[in-house]
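# Could you work out the structure for the sequence below:
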Amino acid sequence: MRSAHPLLQRLADIAIPWGVGLFLVLIVLDESERLSTSLVILGVVLGIVQGAALHWRRRRPEPVMAVTLAGGLGTLLLAPETVLPIAGYFAMWSLAVARPRRVSLPGLLALEAVAASNLLIATVDDPLGDTGFAMAVGVGVWALGEAARNRRAAIDEAARRAVGEEQARIARELHDVIAHSVSTIVVQAAAADDVFDSRPDQARAALRSIERTGRDALDELRRLLGAVRPGTRAEPSGPQPGLDRLDELAEPLRAGGLRVVVRREGPATPLPAGVDLSAYRIVQEALTNTVRHARATRAEVTVRYGADAVEVDVRDDGRASPGSAANGGGHGLAGMRERASLLGGTLEAGPLPGGGYRVHARLPLEASP
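You can find the predicted model right below:
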């Protein structure tokens, strides 16, 4: 079913040009006893031209404004009792809606000048009052059009901002999934190669872990791509990961030779979905950086559940290479900080005094007011 708005717009596109043109023609014909035949014909032509011009008021508002103002002045000269430049008001609305103030304001001044001409040519009883009314209507039409333009601009900006935020979110998700999975696969492949001849069972276990990691990464990518592919529905791939899956996250790293210890402090209360996912991704990115940059042999992950916040603390015994994501370069640390900031939380990262590296995040359970 088509929406009513486009239908009403099409009806207006037909009714306004014909209605305004017919109204102006009838006004001139009403003055036929006072005017000569040539002036009546001129007035009819001016009315038809103004009405026809309004057909293009949205596509070409500036020329339409000029035509309606010139024609409106001619109509006022031929039929002074008209008082109001009717076609000019419709053109003024379209100009104010479609163009910035630096363009619409000169149009308003020209419209006001045409309306003010009533003081010189009007034959009504109260030319000053009628002129003031005509000018006030012109200002009101411009103000409403300007308000409509500002509202549309605000809606467009909000839509662009929403699209940008969604693109950034998807980019963070892709970065987290791909960086972690590829880093884990590389570590596991290297471990399998080291023991391929001496410990084939351990090498086989590493290869199976590589397969699981690859399948998990494909599932995550299908979910993300399904969410952004228009007109399609993402394949069900289970709930998004959270802190309850940290042991699953650590298992492939353990198979690759990194000893990962996961500790939990406090009662594991249910977390808001956004907090749970962001905390998981922060831990995932921190462990990815440990694997890629720190040359560590051990990592400790501590999750602390509090009454108003959850904290995650990731420490390793390696050393960050200069310029690495764990050391502040690249996008890894920036992505973690952004995740924490979006939830009103904080993130600290830096080397430990005795060696190693620490990432600590505190995520409130409720958004800050």
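# Surely residue 300 is in a strand?
Yes. Secondary structure of residue 300 (DSSP: H, G, I helix; E, B strand; the rest coil): part of a strand.
# tally of neighbours for it?
16 (other C-beta atoms under 10 Å). Every C-beta, even on glycine, is put in place using the N, C-alpha and C of the backbone.
# Quick check: bridge partners of it?
As for beta bridges, residue 300 partners with residue 261, residue 315 under DSSP bridges.
# can you pull out the strands in the stretch 201-350 of the chain?
259-265, 298-305, 309-316, 346-351 (DSSP state E, counting those that start in this stretch).
# Tell me where this protein has helices.
4-30, 37-53, 61-78, 86-98, 101-116, 118-121, 127-195, 200-228, 246-255, 273-289, 332-342 (DSSP state H).
# Quick one: closest of those helices to residue 357.
helix 273-289 (7.9 Å; C-beta to C-beta).
# and the lowest-mean-pLDDT helix or strand in the chain, what other elements does it pack with?
The least trusted helix or strand in the chain, going by mean pLDDT, DSSP states H and E, turns out to be helix 118-121, with a mean of 70. Where contact means 3 or more C-beta pairs under 8 Å, 6 or more residues apart in numbering; DSSP states H and E, helix 118-121 is packed against helix 61-78, helix 127-195.
# Need the winner for burial among those.
helix 61-78 (a mean of 21; mean count of other C-beta atoms under 10 Å).
# That one versus helix 101-116: what angle between them?
Inter-element angle recorded for helix 61-78 and helix 101-116: 10 degrees (by axes from the mean of the first three to the mean of the last three C-alpha atoms, to 10 degrees).
# Quick one: work out the angle between helix 61-78 and helix 86-98.
160 degrees.
# helices or strands up against helix 61-78?
By 3+ C-beta pairs under 8 Å, 6+ apart, helix 61-78 packs against helix 4-30, helix 37-53, helix 86-98, helix 101-116, helix 118-121.
# For residue 204, find the nearest of these.
Ranking the helices and strands packed on helix 61-78 by proximity to residue 204 (C-beta to C-beta) places helix 4-30 first, at 63.4 Å.
# Pull out the buried residues from the closest one.
Residues 16, 17, 20, 21, 24, 25, 27, 28 are the ones in helix 4-30 that count as buried (16 or more other C-beta atoms under 10 Å).
# Those into CSV, with extra columns for distance to residue 172 and pLDDT?
Below are the buried residues of helix 4-30 laid out as CSV (distance: C-beta to C-beta, whole Å; pLDDT from 0 to 100):
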residue, distance to residue 172, pLDDT
16, 49, 88
17, 51, 87
20, 54, 87
21, 57, 86
24, 60, 87
25, 63, 88
27, 64, 85
28, 66, 84
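# From these, pick the one nearest residue 185.
residue 16 (65.1 Å).
# Would you enumerate the residues in contact with the closest one?
54, 90 (C-beta atoms under 8 Å, 6 or more residues apart in numbering).
# State the number of residues packed around residue 90.
Here the number of neighbours of residue 90 (other C-beta under 10 Å) works out to 24.
# Please name the nearest non-neighbouring residue to it.
Distances taken as C-beta to C-beta, 6 or more residues apart in numbering put residue 54 closest to residue 90, at 5.5 Å, once the chain neighbours are dropped.
# So that neighbour sits against residue 87, correct?
Yes. Using C-beta atoms under 8 Å, residue 54 makes contact with residue 87 at a distance of 6.2 Å.
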